[in-house]
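>>> with the sequence up front, the predicted model follows.
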Amino acid sequence: MAKAKFDGLIEAVRYAPDGNIELVRAYERRGATFSDHILIDRANLVARLKKGEKFVTGSRKEFLGSTFESTKSVYLNGNIITTGSNTKRDQLEEVPLL
């Protein structure tokens, strides 16, 4: 079975006091490799998801460069960013806080 392709991997998240995502630390796909970690604010993340880019959660494998352990897909449900379903606010399950 082939590995799923994704445009970015979210490694950590910061939530605002209202419960929405404020910022995520992510890696972007750049051809056959990935960028160093970058910070993406909520507005930019929403715009990318609306554009059709696919993000997953997970972490980088230590000492293996552009090798990642992905866990869950990130979805845009209306204006809510989530990895699950039936949630009324932003929620990336099992992602460490930034």
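All right, it came through fine.

>>> out of the helices and strands in the chain, which is least certain?
Least confident helix or strand of the chain, by mean pLDDT, DSSP states H and E, is strand 33-34 with a mean of 84.

>>> got the contact list for Asp36?
Going by C-beta atoms under 8 Å, 6 or more residues apart in numbering, Asp36 touches Tyr27. Placement of C-beta: from N, CA and C, glycine included.

>>> please apply the same query to Asp90.
Asp90 makes contact with Tyr15, Gly19, Asn20, Ile21, Arg42, Ile80, Ile81, Thr82 under the criterion C-beta under 8 Å, 6+ apart.

>>> tell me the confidence at it?
The per-residue pLDDT reported for Asp90 equals 93.

>>> nearest to Gly8, of the contacts of Asp90?
Distance to Gly8 across the contacts of Asp90 (C-beta to C-beta) is lowest for Ile81, with 12.7 Å.

>>> just give the nearest non-adjacent residue to that closest one, would you?
Asp90 (4.7 Å; C-beta to C-beta, 6 or more residues apart in numbering).
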